[in-house]
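1. Build me a model from this:
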Amino acid sequence: VKQLLALMGGHMSVVSTTGAGTTFYFCLPFQLEGVEDDFGESQPATLPGKGKKIQVLLVEDDPISQVVLQKVLEKEGCEVVCANNGEQAIERFKEDEFEIVFMDVQMPIMDGVKATRIIREGRAGMRGKEVKIVALTALAMTGDREKLLKAGMDDYIEKPVEVDLLRKILHNVRSTTIGREE
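-> Modelled structure (predicted):
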């Protein structure tokens, strides 16, 4: 629960008294969809200091993980398109341009390693060789990171995802994107 709350930008605390019980407290920040200006007109809420939104393809088969990661990425100033498996990821990649792909490794229909190879080979579009692909995996065995990097992924994040590491990766993508636009 603590990790899930942290992914959503929240925190929790616990107060326990012997014989009396335990109370759990949690706090989650919420952002308003729109903010009314002085004239009563609705204006879209913006994320301060974020600049242009990073185009993200999130490939995750677990619905809860997908929703949580999507919300975290959106909170960090990303525009997120989701796919539930490797086949859907390839179709989405053909349809849109993305700056980064967060790719789950173990999925039904087509796993993340096979989808990454197809993207890297250019069979999902010519941008496949330059897009940053980050593995999302619960695999934590010795050598797994090296196998995923060898398969064409640029980085590796273990689940549950640490928000600070996610921010660091997005910062690097944002810095690279700004450098290309100038």
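2. what is the mean pLDDT for stretch 23-41?
-> Across stretch 23-41, pLDDT averages out at 58.
3. Can I get stretch 128-146 in CSV? Just the C-alpha atoms.
-> Presented in CSV, the C-alpha positions along stretch 128-146 are these (Å, rounded to 0.1, in the frame of the first residue of the first chain):
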residue,chain,number,x,y,z
GLY,A,128,11.8,2.5,-33.9
LYS,A,129,15.6,2.7,-34.0
GLU,A,130,15.7,6.0,-32.1
VAL,A,131,12.9,5.9,-29.6
LYS,A,132,13.9,5.2,-26.0
ILE,A,133,12.4,1.9,-24.7
VAL,A,134,12.5,1.2,-21.0
ALA,A,135,11.7,-2.3,-19.7
LEU,A,136,9.2,-2.6,-16.8
THR,A,137,9.7,-5.9,-15.1
ALA,A,138,9.4,-7.7,-11.8
LEU,A,139,12.4,-9.8,-12.9
ALA,A,140,15.2,-9.2,-10.6
MET,A,141,17.5,-12.1,-11.3
THR,A,142,21.2,-11.6,-12.0
GLY,A,143,21.7,-11.1,-15.7
ASP,A,144,18.2,-10.1,-16.5
ARG,A,145,19.1,-6.4,-16.9
GLU,A,146,21.9,-7.3,-19.4
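4. Buried residues of it, list them for me.
-> Gly128, Val131, Lys132, Ile133, Val134, Ala135, Leu136, Thr137, Asp144, Arg145 (16 or more other CB atoms under 10 Å). Just so you know, the C-beta spots here come from the backbone N, C-alpha and C atoms, and that holds for glycine as well.
5. how distant is it from the center of its chain?
-> In terms of CA atoms, centre = their mean, to the nearest Å, the centre of stretch 128-146 is set 14 Å apart from its chain centre.
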